[in-house]
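>>> this one's structure only:
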């Protein structure tokens, strides 16, 4: 449906082989970027875009097309909806509309494959580290990558999906996607940071259960534990990162609860380590810190009471380095 030459024309190269990483096909591009294409037959445009907001309306691509607030290009032709995503560490604002629309036109020009078509073949193993999560992971991923971009032993494929988490699998199913990436890319270490959107009701036994209820705790713990186990079964080490204290008190309560579940699930699983970033990002009393003393200067470390800024991301990346090196069996530089 898309050739590597077409992708390279828009985003440079080299472009890797198309690889199935549910819910989309993914091409690695260059050292640290990827393009993803999802095809959803018998799915209306309204259904495909029901959980996102429009940033830009795109004309001249299929019947309807938008770039949404998660930076996906959604477009529809006939009864099939598609979406394209370009992602590279540190690029948090560029929509890459021109390039994505050009590739969208190539997708529609070739149409859906006819007859029985096998899955794309998996290419060689990807980078040794796969760092994934929601938007709170975007800054730390970039900071880690920037510190280690030239190291083959810690080269990292970074991915964040805005507004996602473990709970809302109807929007983006992280347990399935993490396992798909682990199976196809074969990283040595999977790093996860993505609980900021999980403080919401969870459907259990046909009813929505509130955060902190017994049934919510059990169901969420089972979901997290099962994901950890599946990644380890794929041969990966796992570093599961919680969230630092949040400025909003109600959000902070949910994050503390989730961190406790993470710690409990990780504690009895070989090959899984939980890290609470509050160790380096909270106040000494464990509360929210909008600024920290860094090299003798009181420095802002948050963007909005939730997300880390550049300085905060670098603080966390520095703290993760010895843990990551230990999990990979590497010597930490002193």
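Structure's in. What do you need? Every value quoted in this text rests on a predicted model; they were computed, and no experiment measured them. Residues are numbered from 1 along each chain as shown.

>>> every contact and neighbour count from this point should use C-alpha atoms.
Fine.

>>> residue 27 touches residue 20, doesn't it?
No: between residue 27 and residue 20 there is no contact under Cα atoms under 8 Å: 9.0 Å.

>>> average pLDDT for whatever helix or strand residue 183 lives in?
In this structure, residue 183 sits in helix 174-185 according to DSSP states H and E. The average of the pLDDT scores along helix 174-185 is 96.

>>> which residues does it contact?
19-23, 122-127, 165-166, 190, 223, 227, 230-231, 234, 236 (Cα atoms under 8 Å, 6 or more residues apart in numbering).

>>> if we go to 7 Å?
Applying Cα atoms under 7 Å, 6 or more residues apart in numbering, the contact partners of helix 174-185 are 21, 22, 23, 122, 125, 126, 165, 166, 227, 230, 231, 234.

>>> next one: stretch 306-326
The contact list for stretch 306-326, computed with Cα under 7 Å, 6+ apart, reads 136, 139-140, 143-144, 246-247, 277, 301-303, 331-332.

>>> give me the buried positions along that stretch.
Neighbour-count burial for stretch 306-326 flags 306-321, 323-324 (criterion: 16 or more other Cα atoms under 10 Å).

>>> and these, which of them are in helices?
If you go by DSSP state H, those have 310-321, 323-324 in helices.

>>> sorry, back to before: of the contacts of stretch 306-326, grab the buried ones for ChimeraX.
Here is the ChimeraX command that picks out the buried ones among the contacts of stretch 306-326, judged by 16+ other Cα under 10 Å:
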select :136,139,140,143,144,246,247,277,301,302
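
>>> out of the contacts of stretch 306-326, which one sits closest to residue 212?
Using Cα to Cα, residue 246 comes nearest to residue 212 of the contacts of stretch 306-326, at 17.2 Å.

>>> my guess is the closest one contacts residue 305. True?
Yes: counting by Cα atoms under 7 Å, residue 246 touches residue 305, with 6.0 Å between them.

>>> pLDDT on stretch 298-305, on average?
pLDDT averaged over stretch 298-305 gives 96.

>>> shaky segments in the stretch 1-150 of the chain?
Counting by pLDDT under 70, the stretch 1-150 of the chain has low-confidence residues at 111-124.

>>> so where do the helices sit in it?
Ranges of helices in the stretch 1-150 of the chain, per DSSP state H, counting those that start in this stretch, are 4-11, 45-48, 97-110, 138-148.

>>> in a markdown table, list those along with distance to residue 295.
Listed next are the helices of the stretch 1-150 of the chain as a markdown table, based on distance: least, Cα to Cα, whole Å:
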| stretch | distance to residue 295 |
| --- | --- |
| helix 4-11 | 38 |
| helix 45-48 | 48 |
| helix 97-110 | 40 |
| helix 138-148 | 18 |
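
>>> quick one: closest of the ones you listed to residue 71.
Comparing the helices of the stretch 1-150 of the chain by Cα to Cα, helix 97-110 comes nearest, at 9.2 Å.
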